[in-house]
Each structure stands twice: as structure tokens, then as C-alpha cells.
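S.K.: Have a look at this prediction, sequence included:
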Amino acid sequence: MNVHKDLDFRKSDLNEYAAQTNLEMPNYATIQPQGAVPVFISPLVFKGVTYNGDLGKSKKEAEQLAARAAIHSLYDDSMVLLKSIESKWKLHAAYRETKYLCCRSECGRRF
């Protein structure tokens with residue numbers, strides 16, 4: 001698993017971590033700066049700290065990028081967060097493998 005590149009589930013990972021540790025949920029403040037190219041940025045406040053992700057092409061992507069920035073900062077210090085992310089990653093990988101095998105056997109095609 002590459003927590004530094006993967007965007008899947010980052011926002012939900014952070015929400016699950018907050019719930020498991022009885023912390024306040026992250027607060028996102030997504031904005032769309034004026035300009036020719038539509039982009040979004042979503043600073044997020046979690047545990048009293050503001051995290052800034054990269055610019056995103058959509059509100060959702062900007063929030064995922066902000067959540068990833070927070071996770072990068074928290075990752076090494078939290079076994080709860082580490083175990084939660086690893087568990088979800090394994091579940092997602094198993095789901096994709098099962099879906100691939102089912103589709104392949106039903107359709108007789110490769111995907």
C-alpha cells in the first residue's frame with residue numbers, strides 16, 4: 001500500500017480515525033479561487049491543526065488531497081490510523097480481485 005500516492009478513501013480514513021479515537025470530525029473549507037481554469041482547494045482543520053492539500057480539479061478531489069495531507073502528517077504517530085488504513089486497503093484489494101475473478105469466469109473475458 002502506498003499511502004503517499006493513493007487517494008482512494010482518504011477522507012473516509014480520516015473520518016474513521018476521528019470516530020475510533022473519539023475526536024471531532026475534520027472540518028473542510030473548500031473554495032474555488034477565481035481564474036480561467038476551474039480548480040478547488042480545501043484546507044481542513046483536524047485536532048486544531050490546519051492541513052492544506054494540493055489543488056484539485058473538483059471539490060471532492062481537493063478534499064481528498066487535504067485529507068491525504070493530514071494523514072501523511074499523522075500516519076507515523078498513530079497505530080490506530082495505520083491499522084485502519086491497512087485493513088481497508090486489504091479489504092479493497094480483496095474485493096477488486098474477487099470482482100475480477102467473477103467477471104472473468106462469467107464473461108470468459110479478461111479485463
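M.R.: That came through, no problem. Please read all numbers here as calculations on a predicted model, not as lab measurements.
S.K.: does Gln32 really touch Pro38, like I thought?
M.R.: Yes - using C-beta atoms under 8 Å, Gln32 is in contact with Pro38, at 6.7 Å. For the C-beta atoms, the positions are set from N, CA and C on the backbone; glycine is no exception.
S.K.: out of these two, which sits in the busier spot?
M.R.: Taking other C-beta atoms under 10 Å, Gln32 and Pro38 do not tie; Gln32 has more neighbours (13 against 10).
S.K.: what's the nearest residue to that one if we skip its chain neighbours?
M.R.: Using C-beta to C-beta, 6 or more residues apart in numbering and skipping the chain neighbours, the partner closest in space to Gln32 is Phe40 (5.2 Å).
S.K.: Equivalent analysis for Arg68, please.
M.R.: Spatial nearest neighbour of Arg68, chain neighbours left out: Arg10 (4.5 Å); criterion: C-beta to C-beta, 6+ apart.
S.K.: one step back: do you know how far the residue nearest to Gln32 is from Thr50?
M.R.: Distance, Phe40 to Thr50, using C-beta to C-beta, to the nearest Å: 16 Å.
S.K.: more crowded one of those two?
M.R.: Using other C-beta under 10 Å, the more surrounded residue of Phe40 and Thr50 is Phe40, with 20 against 13.
S.K.: That one bridge partners, please.
M.R.: Beta bridges link Phe40 to Gly56, judged by DSSP bridges.
S.K.: Kindly provide the distance from it to Gly48.
M.R.: Here the criterion is C-beta to C-beta. By it, Phe40 lies 24 Å from Gly48.
S.K.: Check Gln32 too.
M.R.: 26 Å.
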